[in-house]
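*Asks:* how would this look folded up:
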Amino acid sequence: MPTNLLKTVKTPCIGVCSTGIGDAVCRGCKRYAHEVIHWNSYNQQQKQLIDGRLTDFLSQIVASKLTVVDANKLRWHLDTQNIPYVAHKGPYTWAYELLRAGASQIDCVDDYGLQLDAQYCGQSLVALRLAIDNEFFILSQAHYERYFDVASTQQVTV
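*Replies:* Numbering: from 1, shown residues only. Got it, this is the predicted structure:
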């Protein structure tokens, strides 16, 4: 793909980096330590691959906890409340951005075009957002250990 057709990918950093204290996976943005370190030297295609992985992981986790029943209504609320989101990443990442920005201020997710899965209906949205973030970290860490952590892969016996 020609580089001029690639979308510019901003850093996923949210200012809560834990790689500086020895984590292989950042607890903030969920990138791997080597990706955090080398981010500025990556070309747009490399950044898109990383961003795509993070988007896929997050969307998968959010979709396991709620359903976006009206993406237009969700977008309208995000725009009206000036909550930043990346349009091409899709409604499940938008739902996470909504929860991240205002989980404690939302009374009824139906008003935002969302529907919680039955098992999460009694849970606070703050707790749900924390659960999503924790599962996102666990999934990123498992992926790192499976495909990048040489020490881990050497311990596996066939």
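*Asks:* all contacts plus neighbour counts: C-alpha atoms, from now on.
*Replies:* Fine.
*Asks:* give me the number of residues near the nearest residue to residue 75 once chain neighbours are set aside?
*Replies:* In this structure, residue 75 finds its nearest non-sequential neighbour in residue 94, 7.6 Å apart by C-alpha to C-alpha, 6 or more residues apart in numbering. Neighbourhood size, residue 94 [other C-alpha atoms under 10 Å]: 24.
*Asks:* give the contact list for residue 72.
*Replies:* Neighbouring residues of residue 72 by C-alpha atoms under 8 Å, 6 or more residues apart in numbering: residue 113.
*Asks:* Which helix or strand contains it?
*Replies:* Assigned by DSSP states H and E, residue 72 belongs to helix 71-80.
*Asks:* and the helix or strand that comes right after that helix with helix 71-80, angle?
*Replies:* Next in sequence after helix 71-80, counting helices and strands by DSSP H and E, comes helix 91-102. Relative orientation of helix 91-102 versus helix 71-80 (axes from the mean of the first three to the mean of the last three C-alpha atoms, to 10 degrees): 40 degrees.
*Asks:* low-scoring pLDDT stretches of this structure, where are they?
*Replies:* Along the chain, the model assigns pLDDT under 70 to residues 1-6, 150-158.
*Asks:* can you map out the strands along it?
*Replies:* Applying DSSP state E to the chain gives strands spanning 66-68, 114-116.
*Asks:* before we move on, back to that, so what's the gap between the helix holding residue 72 and the chain middle?
*Replies:* 19 Å (C-alpha atoms, centre = their mean, to the nearest Å).
*Asks:* can you point me to the longest helix in this structure?
*Replies:* helix 125-147 (DSSP state H).
*Asks:* CA-only coordinates of stretch 112-121, as CSV, when you get a sec.
*Replies:* The C-alpha coordinates for stretch 112-121 follow below in CSV (Å, rounded to 0.1, in the frame of the first residue of the first chain):
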residue,chain,number,x,y,z
TYR,A,112,-26.5,6.5,24.4
GLY,A,113,-27.5,3.8,22.0
LEU,A,114,-25.9,1.0,24.1
GLN,A,115,-27.3,-2.1,25.8
LEU,A,116,-25.5,-3.9,28.6
ASP,A,117,-25.4,-7.7,28.5
ALA,A,118,-27.6,-9.1,31.2
GLN,A,119,-24.7,-10.1,33.5
TYR,A,120,-23.5,-6.5,33.7
CYS,A,121,-26.8,-4.7,34.3
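*Asks:* quick one: buried residues of it?
*Replies:* Neighbour counts over stretch 112-121 (16 or more other C-alpha atoms under 10 Å) mark 112, 113, 114, 115, 116 as buried.
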